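Enquirer: got a structure for you, letters missing:
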């Protein structure tokens, strides 16, 4: 009966058990952004509270920043007001802010890891549901709401009920053209969008431990889309190698002590779990969504499900999905003409995503009916991409190359779908209206699949596409 | 410091039914309405894109239906509030007059946000939810009463017993749902825990 990583880290951070039965959990790293924090700071002021540990909170700006023109003041007055509120709050409370004037601004879940702020064995909270991303490092990443941001600012703690832990063991080899995004979409399709309610997910098995850190982040990022608030991978040599030398990672003997701690919280072969789910990676193919939630996904070669063959509880949402998407049962997603291709978001806008996309785009042209754009996840990702000549490849192919931000993942900025446009998107949510148009439509897929769709003008199977010669 | 505690043990009023599984927080409040620095005024944007078409004409939606005007108990199906962590979603509902949500199941961050705001989320089985939905749709003036200490929801003359997770129920009833002061009262223990974590001192 050995403890798994989740239980070890939770126990180390548990301050006490509250009268409510919840645990009071110490939060080691708190990340904030402009959308969910201003009301929390306002609540502190109203209650005459202070920020208990300003050195444990870091801020950036991502949701509302325009990606085409990042000059201040922003043209959108509401967006300008929000960034000013964050500037004021971080200045007033002495919180480090990686704003647009620094080299480190970007999507909050991308900059934490690249700065080395995100480390194994930490509890990490942020007012954003994709905080589960940080679990890729063997930390507990918890998405919270604004009242809980207030709690963390004032007390460096959260009141939370301890979830159960489900091990998701993935074995086998990914075929060429199949990526981490496809694994997680398969898991969500299999377990359901509410399958993870009450659970933390540990992604384990040989396939997962062969993934790079960036691929693990893609997996953990979408845990919440399966209902699991927390998702993580136990740390290994790939984790430690990624961290060494990063800005906030200790050096010298302190690094050795860090390594000792990180290894001590890892899950072990005899760790126990409340539940185990197994997935065979050998048979996975590129995944696409056909509906209006991330669980409505299937392999690219498949046909959309027949309503009569679906469990009754899934039928109503499937009917809604077919109406919204304009698809029918037994339909194929392969071959659907797209209007927009979006390569970005905290799920898939890291350097390895862009490298893979550029490899596919090189020497080809975006289809004339498609508006395609690439939004790097952070300034550091953009800088690295520039050093490798990727923007030139994208622009030559007809993709727009943008500045870092959340962009069209949630359209709180000028990047939005219009009308019923159909978008091939590397983001995480295909909810109705998510990409800025109430009638807009989203198909989630890997960055490689988005790139291939942009060039073909329709949803294609990247495995077949990559084999074709360049269309000059 | 404000230490005012508001105990929430009984909620009564009329109901409103929003049917559908997996209703996400982007539906409850579209992101474009979150470009605000306060929660005031969010009420008018609750369910905006399903309430209005692109020319701002009203669509057929319970939140537009005058028969539900003034309702304080929202009844929903399963996995309500999935997706984004935005507290703007329950805030928009609360600012529309909703004081409790009853449904088959709730997304965790949504339920946590509701609790942190003092809005109970009550889970009941699918058959009971169907029954309650039908009763309210048939007679929107039906009185609904939520008794947290007794764990009983009364809809008209029918009683439904429920079990709220003890953490939530105790917090609401004790008035400690606003957790800041409770957490802060353990300051010594907070610093003790922090001191025991090697990364807090950067492994020095």
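Expert: Right, received. Where do you want to start? None of the values given here were measured: they were computed from a predicted structure. Numbering: from 1, shown residues only, chains lettered A, B, ... in the order given.
Enquirer: count of neighbours near residue 14?
Expert: Since no chain was named, I'll use chain A. 18 (other C-beta atoms under 10 Å in any protein chain shown). Using the backbone N, CA and C atoms, a C-beta is placed for each residue, glycine as well.
Enquirer: think we crossed wires, I meant chain B
Expert: 18.
Enquirer: just how off-centre is the lengthiest strand in chain A within its chain?
Expert: Assignment by DSSP state E gives strand A:164-171 as the longest strand of chain A. Here the centre of strand A:164-171 is set off from its chain's centre by 19 Å, with C-alpha atoms, centre = their mean, to the nearest Å.
Enquirer: and it, does that touch chain B?
Expert: No - Strand A:164-171 stays out of contact with chain B when judged by C-beta under 8 Å from any C-beta of the partner chain, the minimum separation being 12.0 Å.
Enquirer: Mind listing what's buried along that strand?
Expert: Of the residues in strand A:164-171, A:165, A:166, A:167, A:168, A:169, A:170 count as buried by neighbour count, 16 or more other C-beta atoms under 10 Å in any protein chain shown.
Enquirer: Can you name the element that comes right after the longest helix along chain A?
Expert: In chain A, with assignment by DSSP state H, the single longest helix is helix A:77-93. With elements assigned by DSSP states H and E, the helix or strand that comes after helix A:77-93 is strand A:96-98.
Enquirer: right, is that following strand up against chain B?
Expert: No - judged by C-beta under 8 Å from any C-beta, strand A:96-98 makes no contact with chain B; its nearest approach is 14.4 Å.
Enquirer: mean confidence for whichever helix or strand comes after that strand?
Expert: Once the chain leaves strand A:96-98, the next helix or strand it forms, by DSSP H and E, is helix A:108-115. The pLDDT scores in helix A:108-115 average 98.
Enquirer: now stretch B:152-169
Expert: 90.
Enquirer: What's the end-to-end length of that stretch?
Expert: 12 Å (C-alpha to C-alpha, to the nearest Å).
Enquirer: the strands in chain B, which residues?
Expert: Secondary structure of chain B (DSSP E): strands at B:10-13, B:15-17, B:73-75, B:100-103, B:121-123, B:144-147, B:152-155, B:158-161.
Enquirer: Which elements pack onto the second one?
Expert: Strand B:15-17 is packed against strand B:73-75, helix B:126-138, with contacts defined by 3 or more C-beta pairs under 8 Å, 6 or more residues apart in numbering or on different chains; DSSP states H and E.
Enquirer: need those in JSON lines with mean pLDDT, can you?
Expert: Formatted as JSON lines, the helices and strands packed on strand B:15-17 follow (pLDDT from 0 to 100):
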{"stretch": "strand B:73-75", "mean pLDDT": "98"}
{"stretch": "helix B:126-138", "mean pLDDT": "98"}
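Enquirer: Ok, which of the ones you listed comes nearest residue A:29?
Expert: strand B:73-75 (34.9 Å; C-beta to C-beta).
Enquirer: Tell me the neighbouring strands of the closest one, and mark each as parallel or antiparallel.
Expert: strand B:15-17 (parallel), strand B:100-103 (parallel) (DSSP bridges).
Enquirer: other SSEs contacting the helix or strand following the longest strand of chain A?
Expert: Where DSSP H and E defines the elements, the next helix or strand beyond strand A:164-171 is helix A:180-191. For helix A:180-191, the packing partners by 3+ C-beta pairs under 8 Å, 6+ apart come out as helix A:213-221, strand A:275-280, strand A:287-289, strand A:297-299.
Enquirer: Need the contact partners of the first one.
Expert: By C-beta atoms under 8 Å, 6 or more residues apart in numbering or on different chains, the list of residues contacting helix A:213-221 from outside reads A:109, A:113, A:130, A:132-137, A:141, A:179-181, A:183-184, A:203, A:208, A:211, A:231-233, A:238-239, A:242, A:346-348, A:350-353, A:428.
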